[in-house]
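Colleague: Pasted the sequence and its predicted model underneath.
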Amino acid sequence: MEESTSNNSPARQDNQNQDPSPSSPGPQVDTPAAPAPPEEQPTGPPEYRTLYLLSYVPSPLFPAHWSMWVPHRASDGSVSKRGTRLHVTGDSRNGFAHDFDRDYDPDEDGRRPWVRAAARIAERHVEDPPTPEGVSAYEACNRLERVALSIPAPGPSMRAASNNAVRTRVALQNCQTWMADFVRALIDQGLIEQSAQALLDECPKN
C-alpha cells in the first residue's frame, strides 16, 4: 500500500498559507484544502473453499473407501455442485494408485456417501483447471493436488493365502491410511486447520 503524500513541503509553506496578521488587513487569500488521504484498501482474509471428506460403506465386512472432494468455482463465482474427488483406488493385495475424479457430484452417486465438511483452504491452493474434462486423472493442477501426489499410494500389504513365503507382519495400508497421511500433510504445511484431524476419527471406517 502506498502512503499518501504529505502537503507540508517547504514549497507550500509561503505567506499565502499563513493566517493574515491582525495589523495587516490585506486581501484574504483562500488556501486550497489539503487532499484527503486515499481510503485504505480492504485487507481481509483470502477467499476460501471447503474441503469435504467422503466415506463409502459397502458392507460391514469390508473397509469403507475414503475420498476428499473440493467443489469447483462456477463461472458466476458461486460454488458448483460438481468438483474434483481426490483418492487412491485399488486394493490391499495389489496396491493402490492416485486418482483425481474431476467431474464428481456426491448427490449423483448411487452409493450415497457419508459427507462432512473437513476444513477450509485458501482459494489460491485449489485453482480449477481451465477444462476439467481435458485434464489427466493423475496430473496435478494446483497445490492441493501436488500435496496429494506427494503422498505415495499404498503398495501391496496383504499376501495371498497360497503364498508360501516366510510370513512377516505387514501393516495394512489402504485408502484410509493414505487419506490420514494426506490430511496430516495438509495440516503440517499450514494449508488447513488442525481441527480436520479430529474428523478422521468420526469418518466411518466400515
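Modeller: Alright, I've got the coordinates.
Colleague: Now do the contacts for Gln189.
Modeller: Taking Cβ atoms under 8 Å, 6 or more residues apart in numbering, we find Gln189 in contact with Val147. All C-beta atoms are positioned from the backbone trio N, CA, C, and that covers glycine.
Colleague: which residue ranges form the strands in the chain?
Modeller: 48-56, 65-73, 79-91, 95-104, 114-122 (DSSP state E).
Colleague: Could you pull out the buried residues of the third one?
Modeller: Right, strand 79-91. Of all the residues in strand 79-91, those buried under the rule 16 or more other Cβ atoms under 10 Å are 82-88, 90.
Colleague: Over to stretch 195-206?
Modeller: Across stretch 195-206, burial judged by 16+ other Cβ under 10 Å covers 196-197, 199-200, 203.
Colleague: between the strands of the chain, which gets nearest to Pro156?
Modeller: Checking the strands of the chain against Pro156 by Cβ to Cβ gives strand 95-104 as the closest, at 4.7 Å.
Colleague: mind exporting that closest one as CSV, just the C-alpha atoms?
Modeller: Extracted in CSV, the C-alpha atoms of strand 95-104 (Å, rounded to 0.1, in the frame of the first residue of the first chain):
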residue,chain,number,x,y,z
GLY,A,95,-1.7,-51.9,-4.2
PHE,A,96,-3.3,-48.5,-5.0
ALA,A,97,-2.9,-45.7,-7.4
HIS,A,98,-3.7,-42.0,-7.3
ASP,A,99,-6.9,-40.9,-9.0
PHE,A,100,-8.5,-37.5,-9.4
ASP,A,101,-12.1,-37.6,-10.5
ARG,A,102,-12.6,-34.1,-11.9
ASP,A,103,-16.4,-34.0,-12.6
TYR,A,104,-17.8,-35.5,-9.5
